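In: coordinates only, sequence not included:
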């Protein structure tokens, strides 16, 4: 079930959003895929990855989430244990003003390619006055 914002125009109310779901075979996931575009003037308070099916590449599995070119400023390479199903949360206080915010996810691996793995990504956000 996707969680959508109640009203991102309401200032000061924290909401938990389902940003999207990714899997080992999501098209272009190795380059980073856009999950959600948040409006300008938001504070991102947390990022959560719920790994429902473990990623199973032979050597390394790396799932990151971010708004930067490296797609790793919200959840970095060490924030998620991709090979183990579970919930991984990182508290953040990222203030973003001026422009909409594109949130992406990226999955890379080494060794024999993965044949399984999926995760749902959630964000805690608060609208701030413009």
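Out: Arrived safely, thanks for sending. Note that the coordinates shown come from a computational prediction; the quantities given were computed from them, not determined experimentally.

In: with adjacent residues omitted, what lies nearest to residue 95?
Out: residue 43 (5.3 Å; Cβ to Cβ, 6 or more residues apart in numbering). C-beta: built from backbone N, CA, C; applies to glycine.

In: can you give me the distance of the one you found to residue 85?
Out: Distance from residue 43 to residue 85, counting by Cβ to Cβ, to the nearest Å: 29 Å.

In: what's the answer for residue 111, then?
Out: Distance, residue 111 to residue 85, by Cβ to Cβ: 20 Å.

In: neighbour-wise, which of these two wins?
Out: Shown here are residue 111 and residue 85; by other Cβ atoms under 10 Å, residue 85 has more neighbours (15 against 10).

In: ok, the more buried one touching residue 49?
Out: No - taking Cβ atoms under 8 Å as the definition, residue 85 is not a contact partner of residue 49, at 10.9 Å.

In: residue 73: how many residues sit nearby?
Out: By the criterion of other Cβ under 10 Å, residue 73 has 17 neighbours.

In: checking it next. Helix, strand or coil?
Out: For residue 73, the assignment made with DSSP: H, G, I helix; E, B strand; the rest coil gives coil.

In: what does residue 93 give?
Out: Look at residue 93: counting by three-state DSSP, its state is strand.

In: and residue 107, how many neighbours?
Out: Using other Cβ under 10 Å, residue 107 is surrounded by 26 other residues.

In: can you pull the buried residues of stretch 48-56?
Out: By 16 or more other Cβ atoms under 10 Å, the buried positions in stretch 48-56 come out as 48-51, 54-56.
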